[in-house]
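[1] give me coordinates for this.
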Amino acid sequence: MSAVQWLAVAASLVAVLTRTLSRHPARAASLDRLRGHPAVEWLGWAGLAILLWLSFAGQEPESVTVADFDGDVCVVALDVSRSMSARDVAPSRLARARAQLSSLLDRLPRELRIGLVLFAGEARLVCPPTADRAVVRHWLTRADRGTVETGGSDLSKALSVAAAEVRKHASPGRRSCVVLLSDGEHLAENAALEAAVAELNKTSTWVNAVSYGLGAAALIVDEEGATGTSSLPPIHSRADPDLMRRVAEATSGAFVTSGKADRALMNWLGGSERSSTRDQDSKVVLTAVSWLLWIVVMWMRNGP
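    As a prediction, this is how the structure comes out:
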């Protein structure tokens, strides 16, 4: 039931309780002694506070979605460049991206084949599109800076490799999808990136992009937690979500930041929203309890 339906139930219960107590003076007298107690006052304000919190929480915009995805192939391009070790997104940009993608795998349609491209200064196809989630997870857990030898960050090479896999594996007449997980740092020529986007458009392939990083300069941390060496000063990375957005929009795809990636990824790929449904159900129940608490306490304070 919705929160409004729960409110109607709560109001009905209070009406029944009022009518019942009015027929039993002894019980009504006992209830009168409870009115005015400080605990009743605090319960009322607690219920009101929860209701206000739920109201504002419910105003958070939904994740960006695109038209229904009916393709059978998706290639994920995951950035493993050095800048992805920055910790402005906990525990790090790369760790967050791997965790979000891993949690999604088992909730995707069984017929959807997933490919994985890891990239930095070059791009490497480590997993051709497959319906075997264990294979994808195997390579995903091994995705780190050492997976790609060439340093730097080249989004164009990642998209070019992804486009080639889409052309090779996508079924005729069905639109395919590339999911780009990166902080948006692009250290190569923009012309190459534009050419890669144009190639994706030829195959009617969306690029749905998730940006990791807060935009401000973030300190890059290595695996041991160091931020520099005796000969090299600390290095900072500035995420570029605007570039990620432009790439997505150029292919009629969608863009979100990492904070909204969980639901967005499921929406993009047709995955089950079991965890989101549980969260929504919990919110409805909490709303109902808060309304009931507020109505009962106000009735107790002011009398039937």
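[2] show me the shaky parts of this protein.
    Within the chain, the segments meeting pLDDT under 70 span 1-70, 215-219, 221-234, 271-304.
[3] change it to 50
    Scanning the chain for pLDDT under 50 picks out 1-2, 4-5, 58-67, 224-232, 272-279.
[4] quick one, strands of it?
    Taking DSSP state E, the strands of the chain run over residues 73-79, 113-119, 123-130, 176-182, 205-211, 217-219, 236-238, 255-257.
[5] tabulate the ones you listed (JSON lines), appending mean neighbour count and distance to residue 85.
    Bear in mind the C-beta positions are built from the backbone N, C-alpha and C, glycine included. Formatted as JSON lines, the strands of the chain follow (neighbours: other CB atoms under 10 Å; distance: least, CB to CB, whole Å):
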{"stretch": "strand 73-79", "mean neighbour count": "26", "distance to residue 85": "11"}
{"stretch": "strand 113-119", "mean neighbour count": "26", "distance to residue 85": "14"}
{"stretch": "strand 123-130", "mean neighbour count": "18", "distance to residue 85": "18"}
{"stretch": "strand 176-182", "mean neighbour count": "27", "distance to residue 85": "13"}
{"stretch": "strand 205-211", "mean neighbour count": "27", "distance to residue 85": "16"}
{"stretch": "strand 217-219", "mean neighbour count": "17", "distance to residue 85": "10"}
{"stretch": "strand 236-238", "mean neighbour count": "17", "distance to residue 85": "9"}
{"stretch": "strand 255-257", "mean neighbour count": "22", "distance to residue 85": "18"}
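[6] just the helices in this structure please.
    Taking DSSP state H as the test, the helices found in the chain are 3-22, 25-34, 38-57, 93-105, 133-141, 155-169, 190-202, 241-250, 261-269, 274-302.
[7] hmm, back to that, which one of the strands of the chain lies nearest to residue 142?
    Of all the strands of the chain, it is strand 123-130 that lies closest to residue 142, at 8.0 Å by CB to CB.
[8] give me the residues contacting the closest one.
    73-75, 77, 113-118, 135-136, 139, 143, 147-148, 154, 157-158, 160-162, 165, 169 (CB atoms under 8 Å, 6 or more residues apart in numbering).
[9] on that earlier part again, so can I have TSV of the strands of the chain showing distance to residue 106?
    Below are those laid out as TSV (distance: least, CB to CB, whole Å):
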stretch	distance to residue 106
strand 73-79	15
strand 113-119	11
strand 123-130	14
strand 176-182	16
strand 205-211	19
strand 217-219	31
strand 236-238	32
strand 255-257	21
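[10] tell me which of these sits nearest to residue 268.
    Counting by CB to CB, and looking across all of those, nearest comes strand 205-211 at 4.8 Å.
[11] show me what the closest one is packed up against.
    Judged by 3 or more CB pairs under 8 Å, 6 or more residues apart in numbering; DSSP states H and E, the packing partners of strand 205-211 are helix 155-169, strand 176-182, helix 241-250, strand 255-257, helix 261-269.
[12] repeat the analysis, applying 10 Å as the threshold.
    strand 73-79, helix 93-105, helix 155-169, strand 176-182, helix 190-202, helix 241-250, strand 255-257, helix 261-269 (3 or more CB pairs under 10 Å, 6 or more residues apart in numbering; DSSP states H and E).
[13] adjacent strands (with direction) for that strand?
    Paired neighbours of strand 205-211 in the sheet (DSSP bridges): strand 176-182 (parallel), strand 255-257 (parallel).
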